[in-house]
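Participant: Mind folding the following:
(4 chains)
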2 protein chains.
Amino acid sequence: MTQTDITPHGVSISVTEASPKLGRKRDHTRDPEILEAALDVLAETGFDGMTVDMVAARAKAGKATLYRRWPSKNELVLDAVALMKKADVEPSKLPDTGTLRGDLVAMIKPPSIKDGERKLSIMAGLFSMLWRNPELAHAANAALVEPRVAANRILIQRAIDRGEISAQSDVETLALISPSMAAYRSLILQKPVDREFLISLIDEVLMPAFGLRGGDPV
Amino acid sequence: MTQTDITPHGVSISVTEASPKLGRKRDHTRDPEILEAALDVLAETGFDGMTVDMVAARAKAGKATLYRRWPSKNELVLDAVALMKKADVEPSKLPDTGTLRGDLVAMIKPPSIKDGERKLSIMAGLFSMLWRNPELAHAANAALVEPRVAANRILIQRAIDRGEISAQSDVETLALISPSMAAYRSLILQKPVDREFLISLIDEVLMPAFGLRGGDPV
DNA sequence: GATATACGATACTGTAGAGTTTCGGATCTT
DNA sequence: AAGATCCGAAACTCTACAGTATCGTATATC
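Facilitator: Alright, predicted model coming up:
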């Protein structure tokens, strides 16, 4: 399971599997580039606005090359979304400031905000598709949202463990607040999910919901 | 401004405006039926999956009839979404139980839940479209979400006025919590926004955020 | 360096659906 | 009742795009 072994989506095209004694090997090193291009186009135009030609052009690849690797636009997008999982937050890299609020604030550094914005764009682009494709809906949630929710879960659990917040707290619901409101704000209100918003979210909603008071030290 | 004067979307097609001395008048009484059919199809298949033929079939109308009234599928959908505004919650009909929690719980009676589900379906169907059409995004928010947020604002303001919750409460942010989390749960998690969820939302998130304790008397 | 193969570019095919036109029948107006 | 106009149905055109096929070029393997 190497790093480059990304998302073969299980579809083996070559049935004959003839022995390639001579010639050129299939260059799979460009797969991630193509998938990233697909994500860009997806985020910019949405699934239905997105054409395979756009993706090919963006990746400077031939359309035929894309079809050599993915049997359809659907599979391409599915793989592209799956690629996002690589950005999973490692538990060991989570902030550990000693207070829940400190941890939450530490989570919203600029690179994280930008990453979040891209994920929301991709999510928005997927939506019409999502509605008719439960498999994709699940994959999208797993790749785009669940990592952040999982991180929140860990931070909250830590706060419970050190007695900062009540052990009766509903971790599952609480971990969903921030992603929920960020998604709504971005996807529906089409307003930016910036530091100011996230801070006010922490102080106005999250901290009270944890039974704590929001603070000013940012 | 009569009741039936729904959504002329400002496009006057008849340039000549010749005097129709004889014959049959255009039957605009069916416009709402057609728009409701459009909303149904939209909720079921999403904007991009929706075809004008589907809408015509559902409304038992000819496709030509639709195009006689709306210049394009876009305008049709725009008008259909605008139609939803009719379901605006009248402030005078809002519950007034004496406590904020009582009011909030009273808001989630079954018919309201069903209405909310339909709105979320429509919202989901619109999404890919929304992404490329800010005008529609605004109209959708105004018609589908804003009414509920406005109702929440009123309930919260009342609670402030009678001293139940702090006057420093951020009404705007707090009014958004419930719609945000409901939308996220439905659109992204594709889980039902049912009474159980809404109650736990009130008790686990809203009430603490208001500085109150959730109660059991449902 | 020869050769087989993958590559990017581009031309092509097939289909689905937006929007138009046509037409016989229904219905409002006088 | 008569005539003008609207209706639903269905056939039609046109365009966009998914997916395929072709071709000259580039490159890895031998």
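Participant: quick check: mean pLDDT across the longest helix along chain A?
Facilitator: Using DSSP state H, we find that the single longest helix of chain A is helix A:110-132. Helix A:110-132 shows a mean pLDDT of 89.
Participant: Tell me the buried residues in it?
Facilitator: For helix A:110-132, a neighbour-count test (16 or more other C-beta atoms under 10 Å in any protein chain shown) marks A:113, A:116-131 as buried. For the C-beta atoms, the positions are set from N, CA and C on the backbone; glycine is no exception.
Participant: what kind of secondary structure is residue A:169 in?
Facilitator: What DSSP: H, G, I helix; E, B strand; the rest coil gives for residue A:169 is coil.
Participant: Contacts only, for it.
Facilitator: By C-beta atoms under 8 Å, 6 or more residues apart in numbering or on different chains, the contact set of residue A:169 is A:156, A:160, A:210-211.
Participant: how far away is the residue nearest the centre of chain A from chain B?
Facilitator: Closest to where the C-alpha atoms of chain A average out (C-alpha atoms, centre = their mean) is residue A:144, at 2.4 Å. The gap separating residue A:144 from chain B is 9 Å, by C-beta to the nearest C-beta, to the nearest Å.
Participant: do residue A:98 as well
Facilitator: 22 Å.
Participant: What lies in contact with stretch A:171-186?
Facilitator: Contacts with stretch A:171-186, where a contact means C-beta under 8 Å, 6+ apart, come from A:104, A:116-117, A:120, A:123-124, A:145, A:148-150, A:152-153, A:156-157, A:160, A:191-193, A:197-198, A:201-202, A:205-206, A:209-210, B:176-177, B:179-181, B:183-185, B:188, B:200-201, B:204-205.
Participant: Just the buried ones among those, please.
Facilitator: When these are checked for burial by 16+ other C-beta under 10 Å, the buried set is A:104, A:116-117, A:120, A:123-124, A:145, A:148-149, A:152-153, A:156, A:160, A:193, A:197-198, A:201-202, A:205-206, A:209-210, B:176-177, B:179-181, B:183-185, B:188, B:201, B:204-205.
Participant: pull the helix or strand with minimum mean pLDDT from chain A.
Facilitator: Least confident helix or strand of chain A, by mean pLDDT, DSSP states H and E, is helix A:134-140 with a mean of 84.
Participant: Does chain B have contacts with whatever helix or strand comes next after that helix?
Facilitator: Helices and strands here follow DSSP states H and E; after helix A:134-140, the next one along the chain is helix A:146-161. No - using C-beta under 8 Å from any C-beta of the partner chain, we find that helix A:146-161 stays clear of chain B, coming within 9.9 Å at best.
Participant: what does helix A:146-161 rub up against?
Facilitator: Residues contacting helix A:146-161 (C-beta under 8 Å, 6+ apart): A:85, A:87-89, A:91, A:94-96, A:99-100, A:103-104, A:107, A:116, A:165-167, A:169, A:171-172, A:174-176, A:178-179, A:210.
Participant: Now residue A:128. Nearest residue, chain neighbours left out?
Facilitator: residue B:128 (3.3 Å; C-beta to C-beta, 6 or more residues apart in numbering or on different chains).
Participant: The one you found against residue A:123, yeah?
Facilitator: No - under the criterion of C-beta atoms under 8 Å, residue B:128 makes no contact with residue A:123, lying 11.3 Å away.
Participant: returning to what we had before: any of the contacts of helix A:146-161 buried? List them.
Facilitator: Listed as buried from these are A:89, A:94, A:100, A:103-104, A:107, A:116, A:165, A:169, A:171, A:174-176, A:178-179, A:210; burial here means 16+ other C-beta under 10 Å.
Participant: and chain A, which residues reach DNA strand D?
Facilitator: A:21-25, A:49-53, A:62-64, A:67, A:72-74 (C-beta under 7 Å from any atom of the strand).
Participant: Make a PyMOL selection of the buried ones in these.
Facilitator: Filtering the residues of chain A next to DNA strand D down to the buried ones (16+ other C-beta under 10 Å) takes a single PyMOL command:
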select buried, chain A and resi 49+50+52+73
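Participant: check the residues of chain A next to DNA strand D against chain B, which are close?
Facilitator: Restricting these to those near chain B - C-beta under 8 Å from any C-beta - leaves residue A:49.
Participant: Which ones among the residues of chain A next to DNA strand D map onto strands?
Facilitator: Among the residues of chain A next to DNA strand D, no member falls in strands (criterion: DSSP state E).
Participant: Which members of the residues of chain A next to DNA strand D occur in helices, if any?
Facilitator: Reading helices off the residues of chain A next to DNA strand D with DSSP H, I get A:52-53, A:63-64, A:67, A:73-74.
Participant: What pLDDT is listed against residue A:20?
Facilitator: 50.
Participant: quick one on the thing from earlier: quick one: which of the contacts of residue A:169 is nearest to chain B?
Facilitator: Chain B lies nearest to residue A:211 out of the contacts of residue A:169, by C-beta to the nearest C-beta, at 6.3 Å.
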